[in-house]
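Asks: Quick check, what structure comes out for this input:
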Amino acid sequence: MDNLKNDRRLKNKTAEQDVIGLMLLKPEVQTALDIVPISIFTDTEQAIIQGFKNAHKSGKEVTIVELMEELKKPSYNLNIYTLSELTKFVSDCTLQKDDLEKAIMVLEDLRKKREFVNYSLEGIENLLNGGELESQVIETSDKIEKLIQYQNDGINDINSLVQKSMNRLENTDIQTKFGYSLLDKNIGGVKPGDYTIIGAKSGVGKTTLALNIALNVLEQGKKVLIISREMTDVDVFDRFATMVSKIPSMKFRNKDFTADDWKRFVSASGYLGEYEGKLLIDNNSTKISDIIKLVRKYKPDLVVIDYLQLLSAEDGSKLENAERIIANISRNIRTMTLKYNCHVMALVQLNNSFKGIPHGENVIRQSATVYQDATSVIYLHDLQDKEELKFVYSSVGGIGDKEAENIIKNNKSKKSTSVYAFKLDKNRNGATGVEPITFIRPQFKMYDNDGLKNI
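Replies: Coordinates of the predicted model:
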């Protein structure tokens, strides 16, 4: 590995010496010392340019004799004791003043290539020492990607932050809505960079809620990427077609369409077809690195992952514990939301052992870390207890005993309509709360109280 780091193809000693020589030959170009990074030079030339910068701190032009005196200091650890070696840089220099910028760009390009090699070798070394593959893939990719982007230290000065804050406040664009008042009122909308978790026990409607939100986001002109590990891409499309056409889902399953159903299906398909390039459905991605590739390529506003515990560790990963695998995937999702400025909505299974309306991190199956990483956490709960149901309805004006009993009866019989607890359990940027939500199974639709008024 050391041989690769020191490969001569990653250096251009002639260009390094020519830049130093030109600055001695044409002192007026020494102003470049204020901006030329030391890291583009290597070995002895790097020490010389460091000395040159130190000697030039006062802004005074530096002569070859003054530079020689500076380099004699023990701190540089150089074996340069004669003027002849620096004089050779001057005499052999072929650069003209107009060529200086180009030469510096050549050296900067080589510096980036050296960093590319170093980052790659560092990632390999970490893997060989037992590092987690997911983390190394993402960490190394991020470092390498920055080499081809505009280089700065990543820290904005206060004036810059003030301007960005003002721009955001003056932005009159309407915030993308979830389409559910509990979420829009408290979270403020589907914000870029946020990480939302939807959790429920199996069969309670996580996917239905997520796809309803996805459709709402899509209809606001945003791009949505669906990652499904439970259904094929055609199955996901059929869910959307059911929501739009209101054809009962059982008719899709049994392929039992009437002439009117076909008309409604064609109409719904045409409607969804208008979102070509906006609605992206993928059921091939199995790892977080696969998802990151799609996010980088398509730049979606919302990413739905159905569901988190079905994602796999990276090939070759040494993680064997399921909790650690999920925790690592979740951390990388959080990083992805910030890096690519997208909103991720990940679905999770809840433990079957807990009773009552879910709360906190310990109800999530396999990893409590997911709760900690998320900016907001939503839980769905199948209400089977009258007192629980009345508590949930208290947030929207209350409900009588008889009506509550009828709803519980319907819920237990798993009829076409159920009422669930719709709980915003965590909200990093605002209030939490709980409301009833109505699940209409045949249409794969979920309505809050406001939504029911518009049916």
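Asks: so who does residue 226 touch?
Replies: When contacts are counted by Cβ atoms under 8 Å, 6 or more residues apart in numbering, residue 226 touches 211, 214, 236, 279, 280, 281, 282, 304, 306. Backbone N, C-alpha and C define where each C-beta goes, glycine included.
Asks: ok, now residue 407?
Replies: Neighbour list for residue 407: 383, 389, 399, 419 [criterion: Cβ under 8 Å, 6+ apart].
Asks: So which elements touch the helix or strand hosting the last one?
Replies: Taking DSSP states H and E as the criterion, residue 419 maps to strand 417-427. Here strand 417-427 touches helix 181-186, strand 376-382, helix 386-393, helix 401-413, strand 433-440, going by 3 or more Cβ pairs under 8 Å, 6 or more residues apart in numbering; DSSP states H and E.
Asks: Could you list the buried residues of the third one?
Replies: So that's helix 386-393. Neighbour-count burial for helix 386-393 flags 388, 389, 390, 392, 393 (criterion: 16 or more other Cβ atoms under 10 Å).
Asks: pLDDT on it, on average?
Replies: Helix 386-393 carries an average pLDDT of 91.
Asks: Now do that helix: everything it contacts.
Replies: 356-357, 381, 383, 398-399, 401, 404-405, 407-408, 419, 421, 434-436.
Asks: Mind checking which of these are buried?
Replies: Here, 16+ other Cβ under 10 Å leaves 357, 381, 383, 399, 404, 407, 408, 419, 421, 434, 435, 436 buried among the contacts of helix 386-393.
Asks: got the contact list for the residue lying closest to residue 11 once chain neighbours are set aside?
Replies: In space, residue 11 comes closest to residue 42 once its chain neighbours are excluded; the distance is 5.1 Å by Cβ to Cβ, 6 or more residues apart in numbering. Residue 42 is in contact with 11, 13, 16, 114, counting by Cβ under 8 Å, 6+ apart.
Asks: Please save the CA atoms from the helix or strand the third one falls within in CSV.
Replies: In the assignment (DSSP H and E), residue 16 maps to helix 13-25. Coordinates of the C-alpha atoms in helix 13-25 are reproduced here as CSV (Å, rounded to 0.1, in the frame of the first residue of the first chain):
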residue,chain,number,x,y,z
LYS,A,13,8.3,17.2,-9.4
THR,A,14,9.1,19.4,-12.5
ALA,A,15,5.9,21.4,-12.0
GLU,A,16,6.5,21.8,-8.3
GLN,A,17,10.0,23.0,-8.8
ASP,A,18,9.0,25.3,-11.7
VAL,A,19,6.4,27.0,-9.5
ILE,A,20,9.0,27.6,-6.8
GLY,A,21,11.5,28.8,-9.4
LEU,A,22,9.1,31.2,-11.1
MET,A,23,8.3,32.8,-7.7
LEU,A,24,12.0,33.4,-7.1
LEU,A,25,12.6,34.5,-10.7
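Asks: List the buried residues of it.
Replies: 15, 16, 17, 18, 19, 20, 21, 22, 23, 24, 25.
Asks: Kindly reformat the contacts of residue 407 as CSV containing distance to residue 35.
Replies: Listed next are those as CSV, based on distance: Cβ to Cβ, whole Å:
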residue, distance to residue 35
383, 66
389, 68
399, 70
419, 66
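Asks: Out of the residues you listed, which two sit at the greatest distance?
Replies: 383 and 399 (11.2 Å; Cβ to Cβ).
Asks: Just give me the residue closest to the centre of the chain.
Replies: In the chain, the C-alpha nearest the mean C-alpha coordinate belongs to residue 336, at 1.7 Å (Cα atoms, centre = their mean).
Asks: what sits against that one?
Replies: If you count contacts by Cβ under 8 Å, 6+ apart, residue 336 has them with 138, 288, 291, 292, 295, 342, 344.
Asks: Output those as a markdown table; include the columns neighbour count.
Replies: Converted to a markdown table, these look like this (neighbours: other Cβ atoms under 10 Å):
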| residue | neighbour count |
| --- | --- |
| 138 | 21 |
| 288 | 26 |
| 291 | 22 |
| 292 | 22 |
| 295 | 20 |
| 342 | 22 |
| 344 | 26 |
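Asks: now, among the residues you listed, which is nearest to residue 222?
Replies: residue 342 (10.1 Å).
Asks: Tell me the pLDDT of that closest one.
Replies: We note a pLDDT of 94 for residue 342 in this prediction.
Asks: And residue 169, by the same measure?
Replies: 71.
Asks: Tell me how many other residues surround it.
Replies: Applying other Cβ atoms under 10 Å, we find 8 residues neighbouring residue 169.
Asks: just to revisit the earlier point, mean pLDDT lowest where, among the helices and strands packed on strand 417-427?
Replies: Among those, helix 401-413 scores lowest, with a mean of 88.
Asks: How far does the helix ranked longest in the chain sit from its chain's centre?
Replies: Criterion DSSP state H: the longest helix present in the chain is helix 100-128. Mean-position distance between helix 100-128 and its chain equals 25 Å (Cα atoms, centre = their mean, to the nearest Å).
Asks: now that helix and helix 13-25, what's the angle there?
Replies: Relative orientation of helix 100-128 and helix 13-25, computed by axes from the mean of the first three to the mean of the last three Cα atoms, to 10 degrees: 140 degrees.
Asks: mind listing what's buried in helix 100-128?
Replies: 100, 103-104, 107, 110-112, 114-117, 119, 122-123, 126-127.
Asks: On the C-terminal side of it, identify the next helix or strand.
Replies: helix 133-147.
Asks: Using PDB, write out the CA atom coordinates for that next one.
Replies: As requested, the backbone C-alpha atoms of helix 133-147 are provided in PDB (Å, rounded to 0.1, in the frame of the first residue of the first chain):
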ATOM      1  CA  LEU A 133     -18.700  -2.500   5.100                       C
ATOM      2  CA  GLU A 134     -21.800  -0.200   4.900                       C
ATOM      3  CA  SER A 135     -20.100   2.500   6.800                       C
ATOM      4  CA  GLN A 136     -16.900   2.200   4.800                       C
ATOM      5  CA  VAL A 137     -18.700   2.300   1.400                       C
ATOM      6  CA  ILE A 138     -20.600   5.400   2.300                       C
ATOM      7  CA  GLU A 139     -17.800   7.200   4.200                       C
ATOM      8  CA  THR A 140     -15.300   6.500   1.400                       C
ATOM      9  CA  SER A 141     -17.800   7.500  -1.300                       C
ATOM     10  CA  ASP A 142     -18.600  10.800   0.500                       C
ATOM     11  CA  LYS A 143     -14.900  11.700   0.800                       C
ATOM     12  CA  ILE A 144     -14.200  10.800  -2.900                       C
ATOM     13  CA  GLU A 145     -17.200  12.700  -4.100                       C
ATOM     14  CA  LYS A 146     -16.000  15.900  -2.300                       C
ATOM     15  CA  LEU A 147     -12.800  15.800  -4.400                       C
END
